[in-house]
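Enquirer: Sequence plus the predicted model coming up.
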Amino acid sequence: MSESTEGHQLRIAHVDDHETVQLGFASLLQDQDDIVLVRSATSVDDILPLVPTLDLVVLDIRLSDGSTVAHNLAVLLEAGARVLAFTAADNAAELRAASRGGVLGIVRKSEARETIIDAVRAAARGATVATTEWAAALDADPNLSSAGLSPKEREVLALYAAGDKSVTVAHRAGLSSGTVAEYVRRIRHKYAMAGRPAHTKVDLYKRAVEDGILPSPES
């Protein structure tokens with residue numbers, strides 16, 4: 001993930017297996033001076049080498065290459081990408097998988113031009129994009145109370161909340177320090193969306209104990 005600031009040109013990759021959608025998305029961004037579409041691709045594998053230089057991956061959650069949204073998000077997040085889901089939003093199970101998988105938001109392809117552009121800009125800067133589709137997916141998720149952490153997020157939380165510094169977590173989890181910071185941000189966000197905020201490291205420790213990720217001090 002590139003280092004983005006307010007004055008930085010935001011670098012975006014778009015993954016969708018429909019050429020018409022790719023062309024339409026590119027046209028939305030072509031007049032935005034602060035956003036550059038670096039690559040349009042039909043699979044996640046096509047853009048993985050670019051992830052360290054990107055501020056955001058805009059991902060269709062249903063691709064025809066046989067991949068699942070859970071797999072694609074796991075691969076992208078492992079590489080340190082920020083991800084915004086861009087979808088027809090017609091499959092509740094896929095929406096729940098996307099929300100559980102760590103996207104910054106879910107945006108319908110049918111949304112107004114400015115809504116889509118604003119969502120891309122916000123997500124590329126690391127902000128959460130709260131939409132009706134995303135809220136509905138979270139509300140309907142049976143894993144909501146446990147925040148729906150992925151296995152890698154649970155691993156990072158266990159190490160970080162137990163007291164390890166970010167550099168140690170990075171070494172033990174096989175991640176970069178920057179990626180660890182992004183994981184911690186996502187974990188905090190998931191707990192906040194589950195109504196269980198974790199603003200401090202102590203809060204994260206409490207949530208980890210509550211969810212059985214770390215043992216209770218009494219055990």
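Expert: Received it, and whenever you're ready, just let me know what you need.
Enquirer: After the helix or strand of the chain with the lowest mean pLDDT, which helix or strand is next?
Expert: Every helix and strand in the chain was compared by mean pLDDT, DSSP states H and E; the lowest is helix 132-139, with a mean of 60. Sequence order places helix 151-161 as the next helix or strand after helix 132-139, per DSSP states H and E.
Enquirer: For that following helix, buried residues please.
Expert: Under the neighbour-count criterion of 16 or more other Cβ atoms under 10 Å, helix 151-161 has Lys152, Glu153, Arg154, Glu155, Val156, Leu157, Ala158, Leu159, Tyr160, Ala161 buried. In this view, the C-beta of every residue, glycine as well, is placed from N, C-alpha and C.
Enquirer: can you check stretch 24-38 too?
Expert: Judged by neighbour count using 16+ other Cβ under 10 Å, the buried positions of stretch 24-38 are Phe25, Leu28, Leu29, Ile35, Leu37.
Enquirer: what's the answer for stretch 114-130, then?
Expert: For stretch 114-130, the buried set under the neighbour-count rule, 16+ other Cβ under 10 Å, comprises Ile116, Ile117, Ala119, Val120, Arg121, Ala122, Ala123, Ala124, Arg125, Thr128, Val129.
Enquirer: Filter those down to just the ones in helices.
Expert: Counting by DSSP state H, the buried residues of stretch 114-130 place Ile116, Ile117, Ala119, Val120, Arg121, Ala122, Ala123, Ala124 in helices.
Enquirer: which pair in those residues spans the largest distance?
Expert: Pairwise distances across those peak at 12.4 Å for Ile116 and Ala124 (criterion: Cβ to Cβ).
Enquirer: What segments of this protein are strands?
Expert: Applying DSSP state E to the chain gives strands spanning 10-15, 35-41, 56-59, 83-87, 106-108.
Enquirer: Using TSV, please lay out those together with mean pLDDT and distance to Asn72.
Expert: Below are the strands of the chain laid out as TSV (pLDDT from 0 to 100; distance: least, Cβ to Cβ, whole Å):
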stretch	mean pLDDT	distance to Asn72
strand 10-15	98	8
strand 35-41	97	12
strand 56-59	98	6
strand 83-87	93	8
strand 106-108	90	14
